[in-house]
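A.B. asks: Just a sequence and a predicted model for now, questions to come.
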There are 2 protein chains.
Amino acid sequence: MSARVAFQGERGAYSHLAAQALLGPTVEVLPCVDFDEVFASVASGAAERGVVPVENSLAGTIHRVYDLLIRHSLHIVAEHALRVAHCLIAAPGVAIEDVRVVLSHPQALAQCEHRLRALGLTSEVAYDTAGAVKLLAESGRRDAAALASPLAAQVYGMHVLREEMQDHEHNYTRFAVLSREPLTEWPPGDLKVSVALSLKNERGALFKALAVFALRNLDLTKIESRPLPGRTWEYLFYVDFVTDDFANKGQRALGHLEEICGMLKVLGVYPRRV
Amino acid sequence: MSARVAFQGERGAYSHLAAQALLGPTVEVLPCVDFDEVFASVASGAAERGVVPVENSLAGTIHRVYDLLIRHSLHIVAEHALRVAHCLIAAPGVAIEDVRVVLSHPQALAQCEHRLRALGLTSEVAYDTAGAVKLLAESGRRDAAALASPLAAQVYGMHVLREEMQDHEHNYTRFAVLSREPLTEWPPGDLKVSVALSLKNERGALFKALAVFALRNLDLTKIESRPLPGRTWEYLFYVDFVTDDFANKGQRALGHLEEICGMLKVLGVYPRRV
């Protein structure tokens, strides 16, 4: 079996950084153009693992990834929180005084808006952060820099001019590791159970569903309603709960939930790290 | 008082379309560069109303807008759900066969990926959808088109080549109308109450907070947890609930919530439309 890890984006993307943090700096990677390709690569065996962002503290939950988690039969087997710290990156020998233009993904540019303005730099949009560094390296431009991870600078032989360019210090992304097979043995300690569920449009249905956890003293670390477009008043919920006794308490909670929910899908059971 | 409406983006943005749907097609508008400027314009009186997106069915909740709702003292006085339908827009006289390149915001490009690929078009990123149409109109380019709202075509004297370019039919954005003053008289029928609240890290705290609604038979239309970055295990929640008796039942529910929550902020009480 290949030990490769699939992720969305160019080499040096924050997902690549997360893959290294989770699986070691020498992990073999399979960069994919979109999340669909990440899921397809893990499902087909082209990659052993996939690393996908689940939520960002500023931009919120990545619904596209949840859609794919629900549609596919992959399993979350680990999680990792990565602090997003954008670097200003240019070609070797370029000084900050030479830089007029900054390339990056619009979200990264927006996250660094105040510092870019203070430096008097003009923004130019690019598809993604690491892609901007790659583009810059290929173009040979010396009046431009990119905003991306320090790994992107390393991958494309570029130079970090400034670290910590983001305006908000607390910007982190939670990543999930995907596998074809679920974990079946867990280390001691807290496990996180991620589920997606739908409830009928009955008054108090959500309260009943949450009673499943409250009655068992199970902590929730995430709950989010998502209206099902086109199905008025029917809701999909994402719930993460924590248990140190999945085999008994966790399984019983899932069984109880099944009685209440229209749809219930366990997305993964994995050691809690966040 | 000015009757102007502030929104983020260029004229012809989806927020502009929402402002027209809410306040009439001849509404005077104040385009702003970012959400901060929208809030500041309403707070200062430069605009009477602000129109901001709160959540999108594919991209999720717009946390930045919630951050500003919590920080400022503006009030939500209305809501509107707008279906996002991207048009392919070019200069008058340009045929679809002439088009090689498509400009738009990365999110719009991603939402139309399959159709763009089927047409054999190359994507080029721009800051926003309506801005791409404006750019195209100014450039005089005849080999390029933009993805944006039909209103953007109208505003910049451009031509709609194709409608409904998005791959997913069900893509809608919920907008909120902001005002300096809260509504104090409500029409008969269902009202929606939007609140942000924080809970102490106590087991069962969320269950107690939700009991406030369940015990009064109040429906929730939105619930979302958001970890407070930097404050481990403390959570912020966004909750929307519905009541046809705000003066009594709604107020009592808020009073009860205050007993349980660390922080409770009412973001608005307004007629339910979604």
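C.D. replies: Cool, the structure landed. Numbering: from 1, shown residues only, chains lettered A, B, ... in the order given.
A.B. asks: Tell me, domain by domain, which residues of chain A belong where.
C.D. replies: A:5-83+A:171-179, A:87-162, A:191-271 (automatic domain parsing).
A.B. asks: does the last one come close to chain B?
C.D. replies: Yes. Interface with chain B: domain A:191-271 contributes A:203-204, A:206-207, A:210-211, A:213-214, A:217, A:219-227, A:229-230 (C-beta under 8 Å from any C-beta of the partner chain). All C-beta atoms are positioned from the backbone trio N, CA, C, and that covers glycine.
A.B. asks: buried subset of these?
C.D. replies: The neighbour count (16 or more other C-beta atoms under 10 Å in any protein chain shown) marks A:204, A:206-207, A:210-211, A:213-214, A:219-227 as buried among the residues of domain A:191-271 next to chain B.
A.B. asks: Need the max-distance pair from those.
C.D. replies: The most widely separated members of those, counting by C-beta to C-beta, are A:219 and A:227 (25.7 Å).
A.B. asks: All the helices of chain A, residue numbers only.
C.D. replies: Applying DSSP state H to chain A gives helices spanning A:14-23, A:35-44, A:63-71, A:106-111, A:113-118, A:129-139, A:150-155, A:205-214, A:251-260.
A.B. asks: what about the fifth one, average pLDDT?
C.D. replies: Here helix A:113-118 scores 90 as its mean pLDDT.
A.B. asks: ok, and for it, which residues are buried?
C.D. replies: Result for helix A:113-118 [16+ other C-beta under 10 Å]: buried residues A:115, A:116.
A.B. asks: Close to chain B: what parts of the stretch 51-200 of chain A are there?
C.D. replies: A:57-64, A:105-106, A:110, A:113, A:125-127, A:169-172.
A.B. asks: Go ahead and build a ChimeraX selection from the buried members of these.
C.D. replies: Buried subset of those, written as a ChimeraX selection, criterion 16+ other C-beta under 10 Å:
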select /A:57,58,59,60,61,62,63,64,105,106,110,125,126,127,171,172
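A.B. asks: mind giving me a markdown table with the helices of chain A and columns for distance to residue B:94?
C.D. replies: Formatted as a markdown table, those follow (distance: least, C-beta to C-beta, whole Å):
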| stretch | distance to residue B:94 |
| --- | --- |
| helix A:14-23 | 38 |
| helix A:35-44 | 31 |
| helix A:63-71 | 32 |
| helix A:106-111 | 26 |
| helix A:113-118 | 34 |
| helix A:129-139 | 28 |
| helix A:150-155 | 37 |
| helix A:205-214 | 51 |
| helix A:251-260 | 55 |
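A.B. asks: Lowest average pLDDT across those helices?
C.D. replies: Looking at the helices of chain A, the bottom one is helix A:106-111 with a mean of 87.
A.B. asks: and the residue nearest the centre of chain A, what does it touch?
C.D. replies: Centroid check for chain A by C-alpha atoms, centre = their mean gives residue A:53 as the closest residue, at 1.0 Å. Contacts of residue A:53 were listed using C-beta atoms under 8 Å, 6 or more residues apart in numbering or on different chains, and they are A:14, A:15, A:18, A:62, A:65, A:173, A:174, A:175.
A.B. asks: And the buried ones among those residues, selectable in ChimeraX?
C.D. replies: The buried residues among the contacts of residue A:53 can be selected in ChimeraX (16+ other C-beta under 10 Å) with this line:
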select /A:14,15,18,62,65,173,174,175
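A.B. asks: which among the contacts of residue A:53 gets closest to residue B:84?
C.D. replies: The closest of these, once distances to residue B:84 are taken by C-beta to C-beta, is residue A:62, at 17.7 Å.
A.B. asks: what's near enough to touch that closest one?
C.D. replies: Residue A:62 touches A:52, A:53, A:54, A:55, A:56, B:60, counting by C-beta under 8 Å, 6+ apart.
A.B. asks: Which strand residues bridge the fifth one?
C.D. replies: The reference is to residue A:56. residue A:60, residue A:173 (DSSP bridges).
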